[in-house]
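A.B. asks: Sequence and predicted structure are below.
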Amino acid sequence: MDYILGNENVEISIAFDYNIPLSEMYIQMLHNFIDKILKNPPKRIPEINYLDLEGRRYYDYQRLRRGYTL
């Protein structure tokens, strides 16, 4: 994760196959990662796509990713 957050040169996209469910622990890890991004946004925000990432946290993340201020 530190490489992804410290990256300033490469566009990173993280996508998951929607037909394969992720464990609750892995989803929690993604939530924690998004919280870390929201708390201290990197210069290049990675794209993260997974259907179970919903709610206010994901909405704020998408706004930040698209260049809006929180």
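C.D. replies: Perfect, thanks for sending it.
A.B. asks: quick one: pLDDT of Arg66?
C.D. replies: Note for Arg66: predicted pLDDT of 87.
A.B. asks: whoops, Arg63 was the one
C.D. replies: 91.
A.B. asks: now Asn40
C.D. replies: The per-residue pLDDT reported for Asn40 equals 91.
A.B. asks: since we're on it, how many residues are nearby?
C.D. replies: Using other CB atoms under 10 Å, Asn40 is surrounded by 8 other residues. Glycine gets a C-beta too; all of them are placed from N, C-alpha and C.
A.B. asks: For the nearest residue to it once chain neighbours are set aside, give me its contacts.
C.D. replies: When the adjacent residues along the chain are set aside, Asn40 lies closest to Leu5, with 7.9 Å between them (CB to CB, 6 or more residues apart in numbering). By CB atoms under 8 Å, 6 or more residues apart in numbering, the contact list for Leu5 reads Lys36, Ile37, Asn40, Pro42.
A.B. asks: Please state the backbone phi and psi of the third one?
C.D. replies: Spelled out, it's Asn40. phi -140, psi 80 (degrees, to the nearest 10).
A.B. asks: For the residue nearest to Asn40, give its distance to Phe33.
C.D. replies: Here the criterion is CB to CB, to the nearest Å. By it, Leu5 lies 9 Å from Phe33.
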